[in-house]
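Chemist: Turn this into a structure:
(chains A and B)
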Amino acid sequence: MKPFEYHKPQNKKNAIELAGKTTMYISGGTNLVDLMKKHIHEPDKLVDLTEAISSEITVEKNGARIGAMLSNTALAENENIKTDYPLLSKAILKGASPQIRNMASTGGNLLQRTRCPYFYDTTMPCNKRNPGSGCSAIKGFSRMSAVIGYSNHCVAVHPSDMCVALVALDAKVEILNTTGETEIIDFINFHRLPGDTPQKDNNLPEGAIITAIEIPRNSFNSNFEYLKIRDRESYAFALISVAAALVLSGNTIKDARLASGGVAHKPWRWSKAESFLKNKEATEENFRQAAEIAVADITPLKDNKFKAPMLTGAIQQALLNCLSNN
Amino acid sequence: MDYFFDKPIANFATRRVEAEEKVTGKGKYSAEYDFPNLVHGVFVGSTIPSGKIVSLDLEEAKSIPGVIDIITHQNRPEVPGLKGDDAKFMFKLFHTDNIFFDDQPIALVLAETLEDATYAATFVKAEYSESNFNTNFHKTKDSQEPEDIMAEKGSLESWEKAEFIVDQEFKIAMEVHNPMEPHATIANWKDDELTLYDKSQNVYGVQSQVAKIFNIDPDKIRVISEFVGGGFGSGLLVWPNTIAAAMASKHLNRPVKIVLTRPQMFTNVGYRPESWQRFKIGADENGKFLGAFHQAKHATSSHTGHTDNITGLTRKHYSFPNIKTEQAQIQLNISKPTWMRGPGDASGAFAIESAVDELSEKLNMDPVDLRLKNLSKTDMYGKPWSTNYLNECLQIGAERINWKQNRKSIPGEIKEGNWNIGYGMAVGFWNAGRKDSDAAIEMKPDGSIVVRSAMTDIGTGTGTAMQNMAHTFLGLPKEKISIELGNSDLPYAPTQGGSWGLSSLSGGVAAACKSLKTKLADYAYGSKFIKGQGNLKLLKLDAKGIRMEDDSLEPVSYESIFSQNNIQVINIEESSSPGKEAEEYGFCSSAAHYVKVKVNQLTGDIKVLEMVSVADGGKIINNKAAANQIIGAAIGGIGMALMEEQKFDNNHGRLIGNDLAGYHFPCNADAPMIDVSFIDKPDYNRNPAGAKGLGEVGIIGCAAAITNAIYNATGKRMRDLPVTPDKILMA
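Modeler: Purely as a prediction, here's the structure:
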């Protein structure tokens, strides 16, 4: 690890003042420390945000507000979240391991970097790590890679489970920029597609800090599922994950949310499939059709053709589980 | 056969002798010894799989504060066994500019702290001239024809047109050992004597190989592996960390520690090689096996050999009148593979046991009945089994999972929503070996003893078993018996591998116990004691002294034995060897595995719901430790069947994702409670304890039991391990 200065500001203002080209913020460090050990990130200055940024959580009638420093464990175990936003809790608990969730922060979860193996091996080409060097995954090992929204420059996927629930729940990201202003970014626009600049994972302005996540009040707390298909039952990234939530009136779907991890450079919303489900009956056949609408848009790579049937199946199973699991 | 100890060994499910040291951290693993003046070494690995080092730029690395020196092929101290044509190691570590595999050590950075060495290592820059390379096993395997690995029995022609034939191909991915404790060495060279604290399953093996490489007397080398955090076979050989630490310690005249990083554990200490098999089996209409034709090919390194005897099992547990077995080892630009738990047979069993399951379906016979019908009555040389309870393992396992009631012969009959439920089974089999092994006992006037052997304890409970054996053989209370292991100063022991550890060691412990009794009787009773087995059997050691069970002689306290004879200590050392029993009998351990799985038809998700393993390991010395072995092996079997796969990027000739996040082995949530039971019948022909090895047999056949259950659930024959959810959906 390259030597660095360590700062622990006590408030937001002091944190922002430390921003700079070679400064990085750290909270739980569950990803950044690995990246520093591997010399993928070599900050000169490391700014610890754990005391500068709030870890408070409030759940009120217009929605939830989650301080960016709240740990993944505390968020998943929060009684109000379990009652009002259980999809979020379930998604978090499907991610990483208890030890990592204890350390990882809410804000940091959004900013974790892809787990594409080529990104982590500094001796192999990777456009995300070293722009212009090429993408090793396209012609190499692409089993875990994207099936939608990728480019010739990058086929990496965003690794988070929590973010898949947040995009499904129409969350918003509150940030503090370097001029000291607070901005709100819709969660769905927070992460970005790789295009020809895969080194940029998201639209967070340089030096800005995530201060909170907001989730508007919704009625997706009765019929929901977070289904994750992976190579083992814990501490494995998704081959495919599906966040599904329905608002039902009798057996009629009044509103639907469908999102996936393991498919794209960002947590992916299946809006067409959601629209299709609205005002339809909650039947196996309609679920199958919704899945097919979603899957019609994907273009798998050479090693991940399986993601088409897996996504079809996972969407159907997740929607079915919305009716029975909870 | 010496029936001197005719009482069965007590089966003590007690805590381990080393439990307190392990849970309090007092027990030291190889990397945990500390020395003032300790130097930390970190390997820099090659980033190409084949070629030559053209130049090395060490300037920046050397400028890092704390760096003492950097050893490379350009400046290494010369080691006699690493140069010339008859090098005594798998490659000429730091004595060649040739690169044979990805991550081959090209430099050893030596620094005052681990952090300094790790940091400086990132600045070592190498330029290579790259050669063509090939790491793609499946694209290469067809270029080489397999050859007979043993003489053909009968003829293939005689049965290949049999009415019932299964002829299929099978693939298994590369698997790594990765025990929890990484391989590590501290070498401390003082004058002409070398001490090695080394993670190993074989202290005498390390001693003799290092002696050859450095061309010194083995007696000048002391190897200590007192606590070993798992092995699975990776600790059977000497690897670059041991040689490099010794080289550097001699060079700097300071103790040097090298601990492999987790990614280096994938590239420098062996693995189970990727393999391909074809298995053809024929039977008559009654289900009698007519013949087997088993071909296997596996990957190996081009710079040094390794053969996994994948086809060996075909000659062992079933009775085939005709057998042909062929193998080929495919040389690639990869690091050296080695033995991994159930080497050869774990791979072979996947093909054999899958094909037998498929054959049972063709015959419309229950797979358990088909196996029972075809179990071999003799070993492959025609000798009768000394003991072979595979039939009982099969029957007990079937009862425990309620096979006859639960399992449906037609696949996919049991459904829960989109989940299909299936049952499967398979068997495991392993030679029950025994090797030469010595043991020593030291007794003090208070009657306490220390039993010593150089054998390591890689987590199998060797020390606890020695205590149990000594307690049973002598009668001495267990709290008076302590154990010392894992040190080349101690009496000779073979490798802890091949499932022969305890079997071998029991001979040494029994001989030493008998000798101690004889000596105590001599001291206490002199000519009053009629020497002979009968009387010795009646001699018991209790907490205070010795006595005869029939009270034929007065009890004598240890105190008086020691004071009357004016001695402070009694030292015994005895040897043991297998006798001629192997000329008369075949020896085997065996197991039957039964599995219940569910498979989601929409998502390909697979869950193992139940696992039953019934094993014959002869007399069970410690139920807890023995069950622990079988549980660990069963979980290894889940890994082999469902998730373990080290992937290659064949464009770069390198491993990818080689860490514990990228390489999946089962976590607790992947494993059900595993129902283990033992036949627990002694085989005194094998050794005085009647115990047969259990280390391998638990994993052999496990993967096939799981894939057979997947077939029963889904109607899909999965012949390419690991069976990840994507493969279910694409099948």
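Chemist: Give me the neighbour count for the residue in the stretch 301-450 of chain B that chain A sits nearest to.
Modeler: When scored by C-beta to the nearest C-beta, the stretch 301-450 of chain B has B:Asn418 as its residue closest to chain A, at 6.1 Å. Where you see a C-beta, it was placed from the backbone N, CA and C, and this is true even at glycine. B:Asn418: 18 surrounding residues under other C-beta atoms under 10 Å in any protein chain shown.
Chemist: and B:Gly424, helix, strand or coil?
Modeler: strand (DSSP: H, G, I helix; E, B strand; the rest coil).
Chemist: ok, it - contacts?
Modeler: By C-beta atoms under 8 Å, 6 or more residues apart in numbering or on different chains, the contact set of B:Gly424 is B:357, B:594-595, B:597, B:704-712.
Chemist: circling back to that earlier point, didn't the residue of the stretch 301-450 of chain B closest to chain A look like it was pressed against B:Gly604?
Modeler: No - the pair formed by B:Asn418 and B:Gly604 falls short of the contact definition of C-beta atoms under 8 Å, at 10.8 Å.
Chemist: coming back round to it: want to throw the contacts of B:Gly424 into JSON lines with neighbour count and pLDDT?
Modeler: Shown next, in JSON lines, are the contacts of B:Gly424 (neighbours: other C-beta atoms under 10 Å in any protein chain shown; pLDDT from 0 to 100):
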{"residue": "B:Asp357", "neighbour count": "24", "pLDDT": "98"}
{"residue": "B:Tyr594", "neighbour count": "29", "pLDDT": "98"}
{"residue": "B:Val595", "neighbour count": "31", "pLDDT": "98"}
{"residue": "B:Val597", "neighbour count": "29", "pLDDT": "98"}
{"residue": "B:Ala704", "neighbour count": "31", "pLDDT": "98"}
{"residue": "B:Ala705", "neighbour count": "34", "pLDDT": "98"}
{"residue": "B:Ile706", "neighbour count": "32", "pLDDT": "98"}
{"residue": "B:Thr707", "neighbour count": "30", "pLDDT": "98"}
{"residue": "B:Asn708", "neighbour count": "30", "pLDDT": "98"}
{"residue": "B:Ala709", "neighbour count": "31", "pLDDT": "98"}
{"residue": "B:Ile710", "neighbour count": "29", "pLDDT": "98"}
{"residue": "B:Tyr711", "neighbour count": "22", "pLDDT": "98"}
{"residue": "B:Asn712", "neighbour count": "29", "pLDDT": "98"}
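Chemist: mind listing what's buried in the helix or strand of chain B with the lowest mean pLDDT?
Modeler: Of all helical and strand segments in chain B, the minimum by mean pLDDT, DSSP states H and E falls on helix B:533-538, at a mean of 82. Across helix B:533-538, burial judged by 16 or more other C-beta atoms under 10 Å in any protein chain shown covers B:Asn535, B:Leu536, B:Lys537.
Chemist: same deal with stretch A:12-29?
Modeler: Applying 16+ other C-beta under 10 Å to stretch A:12-29 flags A:Lys12, A:Ala15, A:Ile16, A:Leu18, A:Ala19, A:Thr23, A:Met24, A:Tyr25, A:Ile26, A:Ser27, A:Gly28, A:Gly29 as buried.
Chemist: so where's the longest helix in the chain?
Modeler: You didn't pick a chain, so chain A it is. What stands out as the longest helix in chain A, according to DSSP state H, is helix A:307-324.
Chemist: My question was about chain B, not that one.
Modeler: Taking DSSP H as the criterion, chain B has its longest helix at helix B:501-525.
Chemist: tally of neighbours for B:Ala493?
Modeler: Around B:Ala493 there are 27 other residues, counting by other C-beta under 10 Å.
Chemist: of all the residues in the stretch 201-326 of chain A, which ones are close to chain B?
Modeler: Contact residues, the stretch 201-326 of chain A versus chain B (C-beta under 8 Å from any C-beta of the partner chain): A:227, A:229-236, A:239-240, A:304-307, A:309-310, A:312-314, A:316-317, A:320.
Chemist: which of the residues you listed count as buried?
Modeler: For these, a neighbour count by 16+ other C-beta under 10 Å gives the buried set as A:227, A:229-236, A:239-240, A:304, A:306-307, A:309-310, A:312-314, A:316-317, A:320.
Chemist: follow-up on the earlier one: list the contacts of the residue of the stretch 301-450 of chain B closest to chain A.
Modeler: Applying C-beta under 8 Å, 6+ apart to B:Asn418 gives the contacts A:Gln317, A:Leu320, B:Asn600, B:Gln601, B:Leu602, B:Thr603.
Chemist: list the contacts for residue 232?
Modeler: You didn't pick a chain, so chain A it is. Contacts of A:Arg232 (C-beta under 8 Å, 6+ apart): B:Leu642, B:Met643, B:His664, B:Phe665, B:Pro666, B:Cys667, B:Ala669, B:Asp670.
Chemist: wait, chain B
Modeler: Counting by C-beta under 8 Å, 6+ apart, B:Phe232 touches B:His177, B:Pro179, B:Met340, B:Arg341, B:Gly636.
Chemist: Put together CSV for those residues, with pLDDT on each row.
Modeler: Formatted as CSV, the contacts of B:Phe232 follow (pLDDT from 0 to 100):
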residue, pLDDT
B:His177, 98
B:Pro179, 97
B:Met340, 98
B:Arg341, 98
B:Gly636, 98
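Chemist: Show me which of those are buried.
Modeler: B:His177, B:Pro179, B:Met340, B:Arg341, B:Gly636.
Chemist: Closest one of the residues you listed to A:Leu166?
Modeler: B:Gly636 (37.8 Å; C-beta to C-beta).
Chemist: That closest one belongs to a helix, doesn't it?
Modeler: Yes - counting by three-state DSSP, B:Gly636 is found in a helix.
Chemist: Over the longest helix of chain A, what's the mean pLDDT, rounded is fine.
Modeler: Helix A:307-324 carries an average pLDDT of 97.
Chemist: can you put the buried residues of stretch A:12-29 in JSON lines and add pLDDT and secondary structure?
Modeler: Below are the buried residues of stretch A:12-29 laid out as JSON lines (pLDDT from 0 to 100; DSSP: H, G, I helix; E, B strand; the rest coil):
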{"residue": "A:Lys12", "pLDDT": "96", "secondary structure": "helix"}
{"residue": "A:Ala15", "pLDDT": "97", "secondary structure": "helix"}
{"residue": "A:Ile16", "pLDDT": "96", "secondary structure": "helix"}
{"residue": "A:Leu18", "pLDDT": "97", "secondary structure": "coil"}
{"residue": "A:Ala19", "pLDDT": "96", "secondary structure": "coil"}
{"residue": "A:Thr23", "pLDDT": "97", "secondary structure": "strand"}
{"residue": "A:Met24", "pLDDT": "98", "secondary structure": "strand"}
{"residue": "A:Tyr25", "pLDDT": "98", "secondary structure": "strand"}
{"residue": "A:Ile26", "pLDDT": "98", "secondary structure": "strand"}
{"residue": "A:Ser27", "pLDDT": "98", "secondary structure": "coil"}
{"residue": "A:Gly28", "pLDDT": "97", "secondary structure": "coil"}
{"residue": "A:Gly29", "pLDDT": "97", "secondary structure": "coil"}
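Chemist: The residues you listed into CSV, with extra columns for distance to chain B?
Modeler: Listed next are the buried residues of stretch A:12-29 as CSV, based on distance: C-beta to the nearest C-beta, whole Å:
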residue, distance to chain B
A:Lys12, 32
A:Ala15, 27
A:Ile16, 30
A:Leu18, 24
A:Ala19, 26
A:Thr23, 21
A:Met24, 18
A:Tyr25, 23
A:Ile26, 18
A:Ser27, 20
A:Gly28, 16
A:Gly29, 16
